[in-house]
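Colleague: next input, structure requested:
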Amino acid sequence: MTEYQQLAQQMEREGIPAREQEPLSRHTTFHIGGPAALFCQPRTQQELVRALALCREAGVRSYLLGNGSNTLFADEGYDGVVIRLGRGLDQISVDPDGVLTAGCGAGLSAVCRFAAERGLAGLEFAYGIPGSVGGAVYMNAGAYGGEMKDVLQAVDGLDEKGNPRRFLREELDLAYRTSRFEQKGGTVLSVQFALHPAPREEIVDRMEDYLARRTAKQPLDKPSAGSTFKRPKNGYAAALIEQCGLKGFRIGGAAVSEKHSGFVVNLGGATARDVLAVADEVARVVEEKTGIHLEKEIRVVR
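Modeller: Residues are numbered from 1 along each chain as shown. Here you go, the predicted model:
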């Protein structure tokens, strides 16, 4: 019996759903990725904390997966445990003081709608970002001039050693597309947002405006992991890529989007190797022609 079979049996004994060799292409917006050695779906914070503890005890690595919108898994899959954060970890609530709390598995758009219905403003920029709250905090997601650091109040989670604690915003080292969790490890369990009252109609109008902009400019009709590259200090990745004549550049089933050069898309049957080959060649050509280095924003998981 393998270590993953033993771990799967232990999780099942403790009521944590788990299965071996789950194709990760089913769980990412890129629709790419080989199988996870073990895939589990905790339904409560307690199950999530226990699943992580079991992985540590077994000496196997684990990867927390939200909506899979910024992740590219290798074609060979993941030799470890992928822990999917979704149903049961997606509760959203608001207290009498207007502090909104969301579980790590809650979708950003769902949180935005919940806030809007209650006349709480500040999260409009995140409407349409296809990620989960946990992932958004992990990478300090942002758009249209807003970032998670602008609205976060606190995070309840686990530190890099698995100890429970509350992190205040100033302890999270939030910067452009990074956070303490990315730099040091740890787990986001739930997030508190500090929002402010505003007329519901105004909030909804802003959300719909941002969504319309996304729909008009981004290749939402094709599988991708969102923006492929981080914004460089000098210029914008999409403009640089287009300037270098790389719009539509293709290898295998992956290509630079014809609609938005900042996206590498899956045209059908793309492999992780195809995506990385496109991204690496784009970065090489841009640096050769402009002197500007493009750093990947997508998380490549091998």
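Colleague: quick check: the residue most central in space within the chain vs Gly68, distance?
Modeller: Closest residue to the average C-alpha location of the chain: Gly135 at 4.0 Å, with C-alpha atoms, centre = their mean. The gap separating Gly135 from Gly68 is 9 Å, by C-beta to C-beta, to the nearest Å. For every residue, glycine as well, the C-beta is placed using N, CA and C.
Colleague: equivalent analysis for Leu246, please.
Modeller: Separation of Leu246 from Gly68 (C-beta to C-beta): 26 Å.
Colleague: who has more neighbours, those two?
Modeller: Neighbours were tallied for Leu246 and for Gly68 using other C-beta atoms under 10 Å; the higher tally belongs to Gly68 (25 against 18).
Colleague: now do the same contact list for the more buried one.
Modeller: By C-beta atoms under 8 Å, 6 or more residues apart in numbering, the residues touching Gly68 are 24, 27-30.
Colleague: can you pick the most crowded of those residues?
Modeller: Leu24 (28 neighbours).
Colleague: list the contacts for that residue?
Modeller: Residues near Leu24 by C-beta under 8 Å, 6+ apart: 33-36, 39, 68, 73, 77-78, 82.
Colleague: residue ranges for the strands of the stretch 151-300 of the chain, please.
Modeller: 152-158, 164-168, 187-194, 196-197, 250-251, 254-256, 264-266, 299-301 (DSSP state E, counting those that start in this stretch).
Colleague: would you mind finding the most buried of these?
Modeller: Mean neighbours per residue, mean count of other C-beta atoms under 10 Å, is largest over the strands of the stretch 151-300 of the chain for strand 264-266, with a mean of 27.
Colleague: nearest residue to Gly252 in space, please, no chain neighbours.
Modeller: Leaving aside its sequence neighbours, Gly252 sits nearest to Asp274 (C-beta to C-beta, 6 or more residues apart in numbering; 3.5 Å).
Colleague: neighbours of the one you found, just the number please.
Modeller: Residues lying near Asp274 (other C-beta under 10 Å) number 21.
Colleague: dump the residue contacts of it.
Modeller: By C-beta under 8 Å, 6+ apart, the contact list for Asp274 reads 251-254.
Colleague: redo that, cut-off 10 Å
Modeller: With contact set as C-beta atoms under 10 Å, 6 or more residues apart in numbering, Asp274 has these partners: 32, 75, 250-255, 264, 266-267.
Colleague: how far away is the nearest residue to Glu297 once chain neighbours are set aside from Tyr176?
Modeller: Excluding its sequence neighbours, the residue lying closest to Glu297 (C-beta to C-beta, 6+ apart) is Lys230, at 4.6 Å. Distance, Lys230 to Tyr176, using C-beta to C-beta: 7 Å.
Colleague: and Leu246, by the same measure?
Modeller: Per C-beta to C-beta, Leu246 is found 24 Å from Tyr176.
Colleague: repeat for Gly15
Modeller: Distance, Gly15 to Tyr176, by C-beta to C-beta: 40 Å.
Colleague: part of a strand, is Trp72?
Modeller: Careful, residue 72 is Leu; it's not Trp. Yes. Applying DSSP: H, G, I helix; E, B strand; the rest coil, one finds Leu72 inside a strand.
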